[in-house]
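Asks: Please find the sequence and the predicted model below.
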Amino acid sequence: MRTATKRAMGTVTAPSPDVPSGAKRAKRVQRKIVRRIVDGVLLLDKPQGLSSNHALQTARRLLNAAKAGHTGTLDPMASGLLPLTFGEATKFSQMLLDADKTYEAVVQLGVETDSGDAEGAVIATHPVAVAEAQLGEVLARFRGEIDQVPPMYSALKRDGKALYEYAREGVELERAPRRVTIHALDLLDFAGERFSLRVSCSKGTYIRSLAMDIGTALGCGAHLCGLRRTRIGSFEVGDAVSLDRIEATAENERDALLAPVDALVSEFPAVVLDVEQEGWLLQGRTLRLSSPGSAGPVRAYGPQGFLGLAQWQPDGALAPKRLIATGAGVAISASA
């Protein structure tokens, strides 16, 4: 009773040894979160208005996964395909970072923004008098290999600091142009001051910069006002799932929404090993098989399933390249 009175009066008393402090209680709550080992690839259809990291953390929570990563970000204003990797699949994320990509973009003519997209502040407006034939002529200049200057509002680093941080401080830095490839640039719709494009491009291409450069070539300026990623490598947005669908799926059925780990390396040929060869490869040993393949990376499979990537050496030996933890593999498919 005396203790209760003192607390009511605001008196601070030391907690007894068997009563955890607020900080200790918080730590105990954190320890209760036990994440599962989940291995695979989730093709997510990211909604507009959500950052890639927010989407990743939401998917990770819904799957209760211990380890997760993504294969390249999408701006919050963009929607579409965002492959997420879990567990052992994170070892192969670079495969999609280097892959070609396809986007559907909406471009607004006559309005320039400081960021090059609809989220930026308007810095200039110009009259627009562009005919569809004129636009077609300009688009032809941007097909194939082009030099592109990265936008200031990008995550590229300069002296350990992202360019967008400088931009937000009002600092404009000189950026060296980069060589990128526009494999296809198709006009989908034209409405005078606004048009939509389908862009298939190499890694490192900035669609915002492409929109701004097209506006400059037309003499009226432009900015990107809509963007949706529809393809990365062999993955299509039509095969992706939304966060809402994951949440609506029963918890014990959500793993079925994942593609297997080896989906990220499906473009490489496969080699199948016996149990002894599998053991040697997992020990990091180089193998000499009776039928060596052409020099280059291959998918390695054994009785345990997918083992990871191996490399055929020029001398015909097979060496481990990037292996996964045993037990995380998948059964070899007929297409392998």
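Replies: Looks like it arrived, so ask away.
Asks: Give me the below-cutoff pLDDT ranges for this structure.
Replies: Along the chain, segments meeting pLDDT under 70 span 1-32, 154, 326-336.
Asks: mind running it again at 90?
Replies: 1-35, 70-75, 93-98, 149-176, 289-295, 316, 325-336 (pLDDT under 90).
Asks: Could you list the domains of it?
Replies: By the assignment in automatic domain parsing, the chain contains the domains 40-98+236-257, 101-232, 268-323.
Asks: got a markdown table for those domains, with mean neighbour count and distance to residue 33 too?
Replies: Bear in mind the C-beta positions are built from the backbone N, C-alpha and C, glycine included. Converted to a markdown table, the domains of the chain look like this (neighbours: other CB atoms under 10 Å; distance: least, CB to CB, whole Å):
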| stretch | mean neighbour count | distance to residue 33 |
| --- | --- | --- |
| domain 40-98+236-257 | 18 | 9 |
| domain 101-232 | 17 | 29 |
| domain 268-323 | 16 | 29 |
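Asks: Reformat those as TSV; add distance to residue 34.
Replies: As requested, the domains of the chain are exported to TSV (distance: least, CB to CB, whole Å):
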stretch	distance to residue 34
domain 40-98+236-257	8
domain 101-232	32
domain 268-323	26
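Asks: nearest spatial neighbour of residue 181, skipping sequence neighbours?
Replies: Setting aside the residues directly before and after it, residue 181 is nearest to residue 202 in space (CB to CB, 6 or more residues apart in numbering), at 4.1 Å.
Asks: Run through the residues that contact the one you found.
Replies: Counting by CB atoms under 8 Å, 6 or more residues apart in numbering, residue 202 touches 100, 180, 181, 182, 183.
Asks: just checking, what packs against the longest strand along the chain?
Replies: For the chain, the strand that runs over the most residues, judged by DSSP state E, is strand 178-190. Packing partners of strand 178-190 (3 or more CB pairs under 8 Å, 6 or more residues apart in numbering; DSSP states H and E): helix 132-140, strand 144-148, strand 194-201.
Asks: Residue 44 contacts residue 59, doesn't it?
Replies: Yes: with contact defined as CB atoms under 8 Å, residue 44 counts as touching residue 59 (6.1 Å).
Asks: hey, what's in contact with both of those two?
Replies: Common neighbours of residue 44 and residue 59 (CB under 8 Å, 6+ apart) are 84, 243.
Asks: Just give me the closest of the contacts of residue 202 to residue 221.
Replies: Comparing the contacts of residue 202 against residue 221 with CB to CB picks out residue 182 as the nearest, at 20.3 Å.
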